[in-house]
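[1] predicted model and sequence below, questions to follow.
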Amino acid sequence: MVTDRAAADFRSSSRIRTVLSVLLIVAQILCVGWMAHLVLRDESGLAQQIYVFLIFALLALLMYGFTRRPVFSLGLVALFIIAIHALSTAKFEYLRAPMLIEDASLLMRPEISELLLHGYPQLSWIFVGGLVAFVTYWVAVIRLESPRPARRRLWMSIGTIAVASLGLGVVIPGPGPLSVVTAEDADPSTANSDWDLISRFFASSMHTGLKRPVFAAPLAPWLATGTAASPVVSVGRPDIVVVLEESTFNPQTVLPFCTPALCERPMLTGSPNSAAVGPLRVHVVGGLTWLSEFALLTGMPHSMFGQAGQFAPAKVLPRVKYTLPRWLKTLGYRTVVVYPVDKHAYGGAVAYPMYGFDQVLPHPLITSGQREGYWDLSDRELLNYVQQVIAEEDAKADHEPLFVFVLTLQQHGPHASALNGQPPRDDRPTFPTVEHELNAKLNDYLTRLDWSNDAVRDFDAALAKRGQPYVLAHFGDHQPSFEGLLRGQPKRPQDANVPADFVTYFNIQAGGGLPRSGYRVSAAYPVLDIALLGGLVIDVAGLPKNPYFAANIRLRERCEGLFIECADKETLSAYQQYIFDELGAVAF
């Protein structure tokens, strides 16, 4: 009786195991099929498709060498490639940039994980769900699929692993006709496309090193071109405050349905004491603030350096010779960063000293643990703390002029989520022609913009009351992504064919008796490149220029505020040859 029951249990267990094995095989076939569908749909050419399929086959062979489970190996690698595609798609939706192999290290950073967990829980749950599915799949297959028998298991495995590794070493660099897949994009507009997301990821492993920018040889050297003279230098050294306004742009400049009455604010369009104001050409969208910082503080767009430029603070900055903070220190300034999160977050404690800052000061509410940063620390609180920093310097007997760089996070996404420190969700149909969710996000954005506008207005008034010369510059580091909803919206055409997604604003205000004769600003720039904004701040402050910033200012004048889109390509080539070859702006 017991024997019969055991036999029945065994047969039942065997049937269950068989059914599960069949279901698992079907799931693996579906995974491979879906992976193939994504490759054929989203890889732009035959070379890209062959490249991905070869890598898929070699990775599966490599896994087989370790496990001797063929079905498991195919399914696991298919899941891996599907995950790469999903992450690449998400990054492009939010940041309009392709996923690179080095991005994997960023996902492991605790501050990135915390931001995703609190601000974008939908992405966090997708990531966690994918990880659970991956582990479940791994455990299930290991239990249900037995390893293939082999007489010489060790040598067979070693041989398979060696062949697969050798094949990957040949294929990933892109031999012969596949070289078109791995060639580094020289045109940022090509790199920032949602084609070839998988092949770009693998090919990015070939472009991790810093390379000298490629440009046409100029016909005449830089100093031989007819450029305007530098502005007059003022006698004093005004305090300089530069405020990076997170995710801030002028919607009226970009969105056709945004009227001036609804969308413009004085901080965007100018105040009576604005020396220069207008659209700002940035080189990122939706995020990557540290790349806008790099362009402002070094006078060079990160896109000049290809893929390595995506990690400019780590890969380019250590080799940079000239920065705005270093030059101001040479002129006797004390240079300070006021930070809205812990100073170690996002590499701030490492990068800012390399830029030339003397101190990185997190807001006291952050260091005391009363605030987490991000949305619960307002622009007003940050700027009030800047006033305290300035007052402490004023009280010193050996008072030095200050350069304070302030980062804000009040406008950081997500929008219309009513997170701690954010406004309540507002579904009023302010923009009836757009979809409901985008309308709510714009309402949220404009509410926060009002908060920033009032804080900047009051901060400017407080600086003016000191009766000492000052320059207050503020700018948007990139447009918000609105969780991908802005991507499909029609945009107003911009001057000089600047991509509308890469336009924010800048405003440089001056006061406290700063002599108007101490600087000269061109009447108007259609768009100003962020890499030329630092030179304009020096101009408005009436400060001396070193050869690097003198050249930066002359380029701005010759190219009417543009850098990448400069119509005078001869001048642009001569400038690049001058700063890289003669000044040694970057040590390659």
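    Right, received. Where do you want to start?

[2] how many residues are close by Val170?
    13 (other Cβ atoms under 10 Å). Backbone N, C-alpha and C define where each C-beta goes, glycine included.

[3] where's it, which helix or strand?
    helix 153-171 (DSSP states H and E).

[4] using PDB, list the CA coordinates for that helix.
    Below are the C-alpha coordinates for helix 153-171, written out as PDB (Å, rounded to 0.1, in the frame of the first residue of the first chain):
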ATOM      1  CA  ARG A 153      33.500  17.900 -18.400                       C
ATOM      2  CA  LEU A 154      36.200  20.200 -17.300                       C
ATOM      3  CA  TRP A 155      38.100  20.300 -20.600                       C
ATOM      4  CA  MET A 156      34.900  20.600 -22.600                       C
ATOM      5  CA  SER A 157      33.800  23.600 -20.400                       C
ATOM      6  CA  ILE A 158      37.200  25.300 -20.600                       C
ATOM      7  CA  GLY A 159      37.300  24.900 -24.400                       C
ATOM      8  CA  THR A 160      33.800  26.300 -24.800                       C
ATOM      9  CA  ILE A 161      34.500  29.300 -22.500                       C
ATOM     10  CA  ALA A 162      37.800  29.900 -24.400                       C
ATOM     11  CA  VAL A 163      36.100  29.800 -27.800                       C
ATOM     12  CA  ALA A 164      33.200  32.100 -26.700                       C
ATOM     13  CA  SER A 165      35.600  34.600 -25.000                       C
ATOM     14  CA  LEU A 166      37.800  34.700 -28.100                       C
ATOM     15  CA  GLY A 167      34.800  35.200 -30.300                       C
ATOM     16  CA  LEU A 168      33.500  38.100 -28.200                       C
ATOM     17  CA  GLY A 169      36.900  39.600 -28.300                       C
ATOM     18  CA  VAL A 170      36.800  39.600 -32.100                       C
ATOM     19  CA  VAL A 171      33.100  40.600 -32.600                       C
END
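
[5] what comes into contact with that helix?
    51, 54-55, 58-59, 61-62, 64-66, 68, 150, 178 (Cβ atoms under 8 Å, 6 or more residues apart in numbering).

[6] ok, now stretch 202-219?
    Counting by Cβ under 8 Å, 6+ apart, 51-52, 55, 98, 100-102, 172-174, 181-182, 184, 186, 304-308, 315-316, 319, 569-570, 572-574, 576-577, 580, 586, 588 sit against stretch 202-219.

[7] need the buried ones from these selected in ChimeraX.
    To isolate the buried members of the contacts of stretch 202-219 in ChimeraX, using 16 or more other Cβ atoms under 10 Å:
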select :51,52,55,98,100,101,102,172,174,181,182,304,305,306,307,308,315,316,572,573,574,576,577,580,586
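
[8] sort out for me which of the contacts of stretch 202-219 are in helices.
    Using DSSP state H, the subset of the contacts of stretch 202-219 located in helices is 51-52, 55, 181-182, 315, 569-570, 572-574, 576-577.

[9] can you redo the residues you listed as a markdown table with pLDDT and distance to Ala464?
    Formatted as a markdown table, those follow (pLDDT from 0 to 100; distance: Cβ to Cβ, whole Å):
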| residue | pLDDT | distance to Ala464 |
| --- | --- | --- |
| Tyr51 | 95 | 60 |
| Val52 | 94 | 60 |
| Ile55 | 95 | 61 |
| Val181 | 90 | 57 |
| Thr182 | 88 | 56 |
| Lys315 | 91 | 41 |
| Lys569 | 92 | 43 |
| Glu570 | 92 | 43 |
| Leu572 | 94 | 38 |
| Ser573 | 93 | 43 |
| Ala574 | 94 | 41 |
| Gln576 | 95 | 40 |
| Gln577 | 94 | 43 |
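
[10] related to what we said a few turns ago, by neighbours, which of the contacts of helix 153-171 wins?
    Result: Tyr51 is most packed of these (other Cβ under 10 Å), 26 neighbours.

[11] re the thing from before, can you redo the ones in helices among the contacts of stretch 202-219 as a markdown table with distance to Val498?
    Converted to a markdown table, the ones in helices among the contacts of stretch 202-219 look like this (distance: Cβ to Cβ, whole Å):
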| residue | distance to Val498 |
| --- | --- |
| Tyr51 | 33 |
| Val52 | 33 |
| Ile55 | 37 |
| Val181 | 29 |
| Thr182 | 29 |
| Lys315 | 26 |
| Lys569 | 16 |
| Glu570 | 20 |
| Leu572 | 15 |
| Ser573 | 20 |
| Ala574 | 22 |
| Gln576 | 19 |
| Gln577 | 24 |
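
[12] which residues in the stretch 1-150 of the chain form helices?
    2-42, 46-67, 70-95, 103-107, 110-119, 121-144 (DSSP state H, counting those that start in this stretch).

[13] by mean pLDDT, show me the worst of these.
    Mean pLDDT per stretch puts helix 110-119 lowest among the helices of the stretch 1-150 of the chain, at a mean of 63.

[14] and Arg554, that one's in a helix?
    Yes - using DSSP: H, G, I helix; E, B strand; the rest coil, the secondary structure at Arg554 is a helix.

[15] immediately after the helix or strand of the chain with the lowest mean pLDDT, which helix or strand?
    Across the helices and strands of the chain, the lowest-confidence element by mean pLDDT, DSSP states H and E is helix 188-191, at a mean of 50. As assigned by DSSP H and E, the chain's next helix or strand after helix 188-191 is helix 197-203.
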